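Chemist: Structure for the following, please:
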Amino acid sequence: MGITDFKEKASHGDVLMPIQRYRCFVPFSYQDLSLHWHDEAEVAWIADGEIDYDINFETFRVVKGDILLISPHTLHSAHALRGEEMISESLVFHLDMLGYQTPDACTIKYISPLQKGKYRFVPVVKEGEPGHEALLGCIKEMLTCLEDKNYTRFAGCQEAGGEVRRREGIELFMKEQLFRFFRLLYQYGYVVKNESSASDSELERKLKAVLGFIQEHYTETLTIEELAEVCHFSQAHFMSFFKRFVGMTCVEYINHYRLSRAAAALAQSDQPVMEAALENGFHNISYFNKLFRKEFGMTPKEYRRAAGKPEKH
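Modeler: Now for the predicted structure:
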């Protein structure tokens, strides 16, 4: 999946099928997944290993077999454990998939309250807990269905001769599984009323505002003064607020975000290292190399080779 934005701009799927599959390998995909949020819901299955997830300011240690449930608009991040690997499979989808815009009984009672934040998911479903096996079965069906972008493979579509071809009704199959998944979530009590207080909501709004500002301006020189102004805080109160909710100083976080964007450029393109550094807010290449090695445990060139991209000469 790579490092995502604070308020993601990425399109998860397309307008006709707004769902996307992501496979993540830690520590290579990331070591610290930046705090971010998106309008879509996210479901993740920990296929192997373990990792720490922060969801709405609460930390969860998740291990092989666990299912993660992240509600729309929820702040979340992830942090690799020292010496531990992790493999996850995620589905990110908009509730439009379930007819969020259509005011029928299902939407009014079950879907709309989730999208609007009146309800929320229980963040983690452990192996052995009620409904886990059935929920995981739905996830695996949908993952198989999205194994390639043309939706050509899913359970039962392989012909006797071994040929895999497009099967009519694949979109209906996806919606069938997603509706079943949501029915199971409600049946087993994994959707609950959101009890967040008004003060918590206001702090979350301010945090999202400053993260969004950083996302828009991370290539520029940013000052504590202007970031504090976004929240209408004094500089001292802003620094304390940011460290409390993000877990690192504002400067550390901006550098972390810039490094994640530069790393993505190196892994996904032939862009020269210096150019990737400059375009992502670093104007001192020695400082960039030092921070990059500290963040990823290797040089930018080594990172690019590990990602399977040869160095451009």
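Chemist: can you pull the contacts of residue 186?
Modeler: Contacts here follow Cβ atoms under 8 Å, 6 or more residues apart in numbering; on that basis residue 186 touches residue 110. (Glycine included, C-beta is placed from N, CA and C.)
Chemist: ranges for the helices of the protein?
Modeler: 105-106, 112-115, 132-145, 170-187, 198-217, 224-231, 235-246, 250-268, 273-279, 285-296, 300-306 (DSSP state H).
Chemist: worst average pLDDT in these?
Modeler: Between the helices of the chain, the lowest average pLDDT goes to helix 198-217, which shows a mean of 85.
Chemist: Show me what that one is in contact with.
Modeler: 5-7, 35-37, 56, 75, 196, 222, 227, 230-233, 241-242, 245-246, 253-254, 257.
Chemist: which of the residues in it are buried?
Modeler: For helix 198-217, burial by neighbour count (16 or more other Cβ atoms under 10 Å) applies to 203, 204, 206, 207, 208, 210, 211, 213, 214, 215.
Chemist: ok, now stretch 188-197?
Modeler: Buried, per 16+ other Cβ under 10 Å, within stretch 188-197: 188, 190, 191, 194.
Chemist: Quick one, grab the pLDDT at the third one.
Modeler: By that I understand residue 191. At residue 191, the model reports a pLDDT of 97.
Chemist: How much space separates it from residue 184?
Modeler: Distance of residue 191 to residue 184, computed by Cβ to Cβ, to the nearest Å: 10 Å.
Chemist: do the same with the last one
Modeler: Taking Cβ to Cβ as the measure, residue 194 falls 20 Å from residue 184.
Chemist: domains of this structure?
Modeler: 19-193, 198-306 (automatic domain parsing).
Chemist: how far is stretch 90-110 from where the chain is centred?
Modeler: How far stretch 90-110 lies from its chain's middle: 20 Å, per Cα atoms, centre = their mean, to the nearest Å.
Chemist: Actually, stretch 23-33.
Modeler: Counting by Cα atoms, centre = their mean, stretch 23-33 comes out at 11 Å from the chain centroid.
Chemist: hmm, back to that, would you turn the buried residues of stretch 188-197 into a markdown table with distance to residue 286?
Modeler: Putting the buried residues of stretch 188-197 into a markdown table (distance: Cβ to Cβ, whole Å) gives the following:
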| residue | distance to residue 286 |
| --- | --- |
| 188 | 54 |
| 190 | 49 |
| 191 | 51 |
| 194 | 47 |
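Chemist: nearest to residue 85, of those?
Modeler: residue 190 (27.3 Å; Cβ to Cβ).
Chemist: what about the closest residue to that closest one other than its chain neighbours, neighbour count?
Modeler: Using Cβ to Cβ, 6 or more residues apart in numbering and skipping the chain neighbours, the partner closest in space to residue 190 is residue 122 (4.5 Å). A total of 14 residues lie near residue 122 under the criterion other Cβ atoms under 10 Å.
Chemist: And the one 3 residues further on, by the same measure?
Modeler: Applying the criterion other Cβ under 10 Å, we find 25 residues in the vicinity of residue 125.
Chemist: For the remainder of this discussion, apply numbering that starts at 16.
Modeler: Noted, 16 is the first residue going forward, which turns the last one into residue 140.
Chemist: List the contacts of it.
Modeler: Per Cβ under 8 Å, 6+ apart, neighbours of residue 140: 81, 82, 84, 146, 147, 150, 205.
Chemist: again, only this time at 6 Å
Modeler: Contacts were defined as Cβ atoms under 6 Å, 6 or more residues apart in numbering; by that measure residue 140 touches 82, 147.
Chemist: any idea how far residue 74 is from it?
Modeler: Taking Cβ to Cβ, one finds residue 140 at 17 Å from residue 74.
Chemist: Give the residue spans of the stretch 16-165 of the chain that score low on pLDDT.
Modeler: Along the stretch 16-165 of the chain, the model assigns pLDDT under 70 to residues 16-30, 163-165.
Chemist: if we can go back for a sec, in TSV, list the helices of the chain along with distance to residue 38.
Modeler: Putting the helices of the chain into TSV (distance: least, Cβ to Cβ, whole Å) gives the following:
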stretch	distance to residue 38
helix 120-121	31
helix 127-130	25
helix 147-160	9
helix 185-202	18
helix 213-232	24
helix 239-246	34
helix 250-261	27
helix 265-283	14
helix 288-294	24
helix 300-311	19
helix 315-321	17
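Chemist: Tell me which of those lies nearest to residue 59.
Modeler: Going by Cβ to Cβ, the one of those nearest residue 59 is helix 147-160, 8.8 Å.
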